[in-house]
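# Test case, fold it:
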Amino acid sequence: QASKKILKDLDAPVAAKLYISPGEKMPTGMKTLEQDIIDKLNEFRIASKGKFQYKILHMEAANVTGAAASDAGIEEQLLQKGIQPFQVQSIEADEVGVRLIYSAISLAYKDRAEEIIPQIMPDNLYDLEYLLISKIFRAGMDELPKVAMVAPYEDRAPDPAMQALMEQLGGGQLEPMRDDPYEVLPMALEYEGYEVARVRLTPEDPIPTDIETLILLEPEDMTDWQKYAVNRFLVEGGSALIGVQNYTYEYEPTATGVKVTPIEKNPGINPLLAAWGFEVDERVLTDAQHEIVSIAGVAQAGPFQLSVPVKLPIQILVTPTEMNPDISITSRLSPLFYLWGSALRVDEEKLAAQNLKWKPLFLSSHRSWLIPFKPGVWTPDNFKATEESERGPFPLGVLAQGQFKDAFEDKEKPKEFADTKMKPLPGKLILIGNTMIFQKRLIQGGGHLNFFLNAMDALTLGEDLITIRSKQPINRSLGHVSTGAKAFWRFFVTLLTPALIAGFGFMRYFVRRRQKQQYMAAMAREAAF
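All right, here's what the predicted structure looks like:
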């Protein structure tokens, strides 16, 4: 429905061109790819009532065939646009080879630069509707949506030995090296059509005045100036995604197990969140529904390095069962690896007093619990639940929207904002008690990247695009099955099912025997007459 609405509301035609290799030049598994793409393009043409039109250009890696064969330089022109052939594996009879094929779409709308979908494969056909509609939707916007991102990174000086080598070879000064765990996020946003500004959130590098959404990840020891800047942004109708990491951990395998050393991050944001009715719980969140992490290179066996599997309840897995299916951000989302995350506390009375509407995005499982934090080395026994442990499920991510209260109305403002007067407008907030899911080590696994992009679309553009993105295959693996349930299903499969089949067979046998006896008796009576 969202796609139909966007297509019907077009105020100018969209011209699409499909550049694809002929079917006979395609590998066996891709011979129907052209027809599959055309089926989707035909749906677009019908839904748009003719405002979406497309043309097919058959191409080979070395020349052009079909309608565009007269243009000898078309491949060079396409290369400049970002359309080029790519390699795919081809399996024919008893031979495995590599073929170079075209499979791309360009979209032209008004006088805007052409939008390109460079590679369309059978594996990503399910995503084609979103790719097309998102590019059409953004092409129709007056300007690109702007986002500011605040996340820690560190610039390191180049290695002195490498710099000396470069100077000996006549090279110039090496650029500083950047350690940026969140570097994938700006690239993903820019690919999706956002304009991203990376800021430090300081008086010298504040939140830009023309942005629509703020991403604040892994804050640490926030100053009053920083808290007021975020507060002002939300009170004046901004949208924010805030991710908070209370703790990270260092693992040290030993002969008897593993030692765990927690590292406090001290985000310092709870006083600000508390004014709106939220807090990030400072206790350690643990959950029986967790994943195994392998620590590489911690043991040596001859010339080989071995990895050690670590299974701790702080390595939490959030499955679709714990996600809110009624919100498009988390609907049909693959599992999230909520590594070392925290629970959230929600003060519903304070939220109701501000008339803020909130919804949980996802929760911990019903087998989760909270334990007090203590510094020093932990062992696996420290993570076990006690009788005093508070039990879950707990909210891990929430969405709130409405008019946010000025958290500094009863406090002294930072002197830089002393003369500031705010214009209250409804805003949006997504709060998550974890930032590891957004780091480059994890972002491309599970549903992490889709969750991030869904959240950004919901905060910046609205709901339409998310409902399209959510139409994709999801992980349908079974959740936790209790010991009793396992025993029941073993009994059902190995004993009860054969017994039911045997019982049905015996019953059928007796019914047929009785029918035979009745038939023989009827025949005897007929013979007697």
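# drop to CA atoms for contacts and neighbour counts, all remaining ones
Will do.
# Tell me which stretches of the stretch 151-300 of the chain form helices.
Shown for the stretch 151-300 of the chain, the helices assigned by DSSP state H, counting those that start in this stretch span residues 160-168, 184-191, 224-235, 270-274.
# Could you single out the most deeply buried of those?
Comparing the helices of the stretch 151-300 of the chain by mean neighbour count (mean count of other CA atoms under 10 Å), helix 224-235 comes out on top with a mean of 20.
# Residue 481 is nearest to which of the helices of the stretch 151-300 of the chain?
helix 184-191 (35.5 Å; CA to CA).
# Low-confidence ranges, this protein, go.
Scanning the chain for pLDDT under 70 picks out the ranges 62-73, 92-95, 163, 171-174, 176, 296-305, 463-480.
# would you list every one of the helices in it?
2-8, 33-47, 74-81, 128-139, 160-168, 184-191, 224-235, 270-274, 348-353, 448-460, 464-469, 483-491, 497-528 (DSSP state H).
# Would you mind saying which of the ones you listed lies nearest residue 441?
Residue 441 sits nearest to helix 184-191 of all the helices of the chain, at 9.7 Å, using CA to CA.
# In a markdown table, list the helices of the chain along with distance to residue 393.
Converted to a markdown table, those look like this (distance: least, CA to CA, whole Å):
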| stretch | distance to residue 393 |
| --- | --- |
| helix 2-8 | 33 |
| helix 33-47 | 42 |
| helix 74-81 | 50 |
| helix 128-139 | 33 |
| helix 160-168 | 52 |
| helix 184-191 | 29 |
| helix 224-235 | 28 |
| helix 270-274 | 21 |
| helix 348-353 | 16 |
| helix 448-460 | 20 |
| helix 464-469 | 26 |
| helix 483-491 | 21 |
| helix 497-528 | 36 |
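# Of all the helices of the stretch 151-300 of the chain, which one comes closest to residue 135?
helix 184-191 (10.2 Å).
# I would like the residues contacting that closest one, please.
195, 196, 438, 439, 440, 443, 453 (CA atoms under 8 Å, 6 or more residues apart in numbering).
# residue contacts, the fifth one?
What it means is residue 440. Contact partners of residue 440, counting by CA under 8 Å, 6+ apart, are 181, 182, 183, 184.
# State whether the first one and residue 436 are indeed in contact, as I suppose.
No - contact criterion CA atoms under 8 Å: residue 181 and residue 436 do not qualify, at 9.1 Å.
# and these two? which has more neighbours close in?
Neighbours per residue, other CA atoms under 10 Å: of residue 181 and residue 436, the larger number sits with residue 436, 24 against 18.
# Leaving out chain neighbours, which residue sits closest to that one?
residue 339 (6.2 Å; CA to CA, 6 or more residues apart in numbering).
# how much space between the one you found and residue 361?
Look at residue 339 and residue 361: by CA to CA, to the nearest Å, they are 17 Å apart.
# again, but for residue 76
Per CA to CA, residue 76 is found 47 Å from residue 361.
# out of the contacts of helix 184-191, who has the most neighbours?
Compared across those, residue 443 has the highest neighbour count, 23 neighbours, by other CA under 10 Å.
# what about that residue, distance to residue 397?
16 Å.
# same check, this time on residue 239
Taking CA to CA, one finds residue 239 at 15 Å from residue 397.
# same check, this time on residue 242
10 Å.
# follow-up on the earlier one: out of the contacts of residue 440, which comes closest to residue 345?
Nearest member of the contacts of residue 440 to residue 345, counting by CA to CA, is residue 182, at 26.0 Å.
# The closest one - nearest residue in space that isn't next to it in sequence?
Counting by CA to CA, 6+ apart, residue 439 is the residue found nearest to residue 182 once chain neighbours are left out, at 5.0 Å.
# bridging residues for residue 54?
residue 16 (DSSP bridges).
# Tell me how many other residues crowd it.
18.
# Out of the helices of the chain, which gets nearest to residue 25?
helix 33-47 (11.7 Å).
# got the contact list for that closest one?
Helix 33-47 is contacted from outside by 4, 7-8, 20, 23, 51-54, 121-122, 125, 129, using CA under 8 Å, 6+ apart.
# hmm, which of the residues you listed are the buried ones?
By neighbour count, with 16 or more other CA atoms under 10 Å, these hold 7, 8, 20, 51, 52, 53, 54, 125, 129 as buried.
# Pipe those residues into TSV and attach distance to residue 489 per row.
Converted to TSV, the buried ones among the contacts of helix 33-47 look like this (distance: CA to CA, whole Å):
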residue	distance to residue 489
7	49
8	51
20	50
51	55
52	53
53	54
54	53
125	37
129	41
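# Check the residues you listed against residue 88 and report the nearest one.
Distances from residue 88 to the buried ones among the contacts of helix 33-47, taken by CA to CA, are shortest for residue 20, at 13.3 Å.
# Bridge partners for that closest one, pull those for me.
Beta-bridge partners, per DSSP bridges, of residue 20: residue 58, residue 103.
# my read: it touches residue 59, true?
Yes - shown here, residue 20 and residue 59 form a contact pair, counting by CA under 8 Å, at 5.7 Å.
# anything in contact with each of these two?
Each of residue 102 lies in contact with both residue 20 and residue 59 under the rule CA under 8 Å, 6+ apart.
# Wait, residue 398 touches residue 428, no?
No - with contacts defined as CA under 8 Å, residue 398 does not count as touching residue 428, sitting 10.7 Å away.
# hang on, the earlier thing: look up how far residue 504 lies from the residue nearest to residue 182.
58 Å.
# and what of residue 484?
27 Å.
# higher neighbour count, those two?
Counted by other CA under 10 Å, residue 484 and residue 504 do not tie: residue 504 has more neighbours, with 12 against 9.
# can you tell me how far residue 339 sits from residue 280?
15 Å.
# Compare the two and say which is more crowded by neighbours.
A count of neighbours by other CA under 10 Å puts residue 280 above the other of residue 339 and residue 280, at 26 against 23.
# For the residue lying closest to that one once chain neighbours are set aside, grab the count of nearby residues.
Excluding the flanking residues, the one nearest residue 280 by CA to CA, 6+ apart is residue 344, at 4.6 Å. By other CA under 10 Å, the residues close to residue 344 number 20.
# One more: residue 375?
9.
# Would you agree it is in contact with residue 262?
Yes - assessed by CA under 8 Å, residue 375 is found in contact with residue 262 at 6.8 Å.
# tell me the contacts of the residue nearest to residue 280?
Residue 344 sits next to 278, 279, 280, 281, 394, 395, 396, 397, 432, 433 when contact means CA under 8 Å, 6+ apart.
# Who has more neighbours out of residue 76 and residue 361?
Taking neighbours as other CA under 10 Å, residue 76 and residue 361 compare with residue 361 leading, 23 against 12.
# distance of the more buried one from residue 271?
22 Å.
# Residue 165 too?
51 Å.
# Could you do residue 485 as well?
45 Å.
# Not counting its neighbours along the chain, what's nearest residue 310?
In space, residue 310 is closest to residue 293, 5.1 Å off (CA to CA, 6+ apart).
# show me the contacts for the one you found.
Residue 293 touches 309, 310, 311, 315, counting by CA under 8 Å, 6+ apart.
# ok, which pair from those is furthest apart?
Counting by CA to CA, the most remote pair of the contacts of residue 293 is 309 and 315, 12.1 Å apart.
# Who has more neighbours out of the two?
Ranked by neighbour count (other CA under 10 Å), residue 309 and residue 315 place residue 315 first, with 21 against 13.
# From the contacts of residue 344, which land in strands?
Secondary structure defined by DSSP state E assigns 278, 279, 280, 395, 396, 397, 432 of those to strands.
# Arrange those in CSV, one row each, with distance to residue 248 as further columns.
Listed next are these as CSV, based on distance: CA to CA, whole Å:
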residue, distance to residue 248
278, 22
279, 18
280, 15
395, 20
396, 17
397, 18
432, 15
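# quick check, nearest of these to residue 519?
Nearest to residue 519 among the ones in strands among the contacts of residue 344 is residue 395, at 69.4 Å by CA to CA.
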